[in-house]
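K.L.:
have a look at this prediction, sequence included:
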Amino acid sequence: MMGALLLPLTISHAAEPAWTVVASGLNNPRGLDFAPNGALYIAEAGLGGDGPVIVGGDGPHQFGHTGSITRVWKGKQERLVQGLPSLAVADQTAAIGPSSISFNGSGHALLTIGLGANPALRNSILGEQGRSLGTVSMLNQNGQIRTLADLAAFELVNDPDGNGPDSNPNGVLNDKGGVAYVTDAGANALLSVAANGKVSVVAVFPNRIVPTPPILPQPPFPPALSSQAVPTNVVRGPDGALYVSQLTGFPFPVGGARVFRVVPGSAPQVYAEGFTNIIDLEFDAQGNLYVLEIDRNGLIAPEVTGRLARVNAGSHTVDTVASDGLVMPGGMAIGPDGAIYISNFSTSPGIGEVIRLATAGKTKK
């Protein structure tokens, strides 16, 4: 998987009793965050459209202005921002568009908009209408938005991982002092974005050689394959370091995804491992790290099951918090009430939802 993160899927489920649905009818919902006033904001990657076609790592995606930002506040759900760029396959699944949102204490948010392709294709095929793809933008609570930095343009010139230009900005951390950190899943890099829009490389996550999964026949596949890192999100830990989650690229090895601890100026270190296809992560007030897997079985396996796990502070043991009812979850946030909020059905049009888990009961891994 070069740039795009997600695969198409439409499936029904019976939610666990602990879940409460707080938003529904969403189109490919991804990252979410809470504003200082307690409002919940959800990035919807949209439905694509009937515009030009770009061929990226997951095949042809058609362009449209169907991405949006939904706000849930005081019991009311509304699309606060509409008309954002979106790319999707013909059945409107696996969209690429608004990906992640992160608020600071003053109520301003940063928003990533994905691309999942060589930035040169964005420029040559989409022109001006696709300029916001592959960017990080500033968003205020009234829905006004403007581009802060063009990460796709940075990738086209710099290509820090050396795999060839490919940009898909995904996770964003709206950090102190006006600095942002962004995981570019296509570039396999953690980037910093200054308040003036200047982009710098913080860390690069290299390819790994992994065993070919049994589901892939040998031949034609060799015994081992090169798998890209595909970093998905970034948070700041209680120790002040940055923590980055990893999806992994094709062949999506089961147990091959890691969480990295990153101190700028030093090489990334593995903090936790043994996960599969991580899409998001979040620390709670006690220093426990919650890890959200979009699929615990690997993205080429026929059975699709998400998982929310917890890396316990101190012991570093891992517990499964929830799995049943999680279908291609795309993002998570811990709310002001201490509950865990997860975007579910994140690769599906119209049936996406955000669910609230009030308690995190322990079960064995």
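P.N.:
Great, that's in hand. Bear in mind the structure is a predicted one, so any value in this text is a computation, not a measurement.
K.L.:
and the strands in the stretch 101-250 of the chain?
P.N.:
Along the stretch 101-250 of the chain, counting by DSSP state E, counting those that start in this stretch, strands occupy 109-113, 135-139, 145-150, 169-174, 180-184, 189-193, 199-204, 208-211, 224-227, 231-236, 242-246.
K.L.:
deepest-packed of those strands, please.
P.N.:
When you average the neighbours per residue for each of the strands of the stretch 101-250 of the chain (mean count of other C-beta atoms under 10 Å), strand 180-184 leads with a mean of 29. Glycine gets a C-beta too; all of them are placed from N, C-alpha and C.
K.L.:
just list whatever residues bridge to G352.
P.N.:
Assessed by DSSP bridges, G352 has beta-bridge partners L26.
K.L.:
now do it against A95, distance only.
P.N.:
Separation of G352 from A95 (C-beta to C-beta, to the nearest Å): 10 Å.
K.L.:
V136 now?
P.N.:
For V136, the distance to A95 - C-beta to C-beta - is 18 Å.
K.L.:
got it, and I101?
P.N.:
16 Å.
K.L.:
those two: which is more packed in?
P.N.:
A95 (33 against 25; other C-beta atoms under 10 Å).
K.L.:
ok, that one - contacts?
P.N.:
27-28, 45-48, 61, 66-67, 86-88, 347, 349 (C-beta atoms under 8 Å, 6 or more residues apart in numbering).
K.L.:
closest to L111 among those residues?
P.N.:
G67 (9.8 Å; C-beta to C-beta).
K.L.:
hey, what's N344 bridged with?
P.N.:
E353.
K.L.:
was I right about it contacting P329?
P.N.:
Yes - N344 is within contact range of P329, at 5.4 Å (criterion: C-beta atoms under 8 Å).
K.L.:
common neighbours of those two, please.
P.N.:
G306.
K.L.:
report the angle between the axes of the longest strand seen in the chain and strand 135-139?
P.N.:
Assignment by DSSP state E gives strand 59-73 as the longest strand of the chain. Orientation check (axes from the mean of the first three to the mean of the last three C-alpha atoms, to 10 degrees): strand 59-73 against strand 135-139 gives 20 degrees.
K.L.:
just the mean pLDDT for strand 59-73, thanks.
P.N.:
For strand 59-73, the mean pLDDT works out to 96.
K.L.:
and for stretch 246-261?
P.N.:
Computed over stretch 246-261, the average pLDDT equals 97.
K.L.:
grab the CA positions of that stretch and hand them over as PDB.
P.N.:
Output of stretch 246-261 as PDB, limited to C-alpha atoms (Å, rounded to 0.1, in the frame of the first residue of the first chain):
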ATOM      1  CA  GLN A 246       1.900   2.400  12.100                       C
ATOM      2  CA  LEU A 247      -0.600   0.800   9.700                       C
ATOM      3  CA  THR A 248       2.000  -1.100   7.700                       C
ATOM      4  CA  GLY A 249       1.800  -1.400   3.900                       C
ATOM      5  CA  PHE A 250       1.100  -4.500   1.800                       C
ATOM      6  CA  PRO A 251       1.100  -7.400   2.700                       C
ATOM      7  CA  PHE A 252      -0.200  -6.000   6.000                       C
ATOM      8  CA  PRO A 253       1.500  -8.600   8.200                       C
ATOM      9  CA  VAL A 254      -0.600  -9.700  11.200                       C
ATOM     10  CA  GLY A 255       1.300  -8.600  14.300                       C
ATOM     11  CA  GLY A 256       3.600  -6.400  12.300                       C
ATOM     12  CA  ALA A 257       2.400  -2.900  13.300                       C
ATOM     13  CA  ARG A 258       4.200  -0.900  15.900                       C
ATOM     14  CA  VAL A 259       3.900   2.200  18.000                       C
ATOM     15  CA  PHE A 260       7.100   4.400  17.800                       C
ATOM     16  CA  ARG A 261       8.400   6.800  20.400                       C
END
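K.L.:
much appreciated, bye for now.
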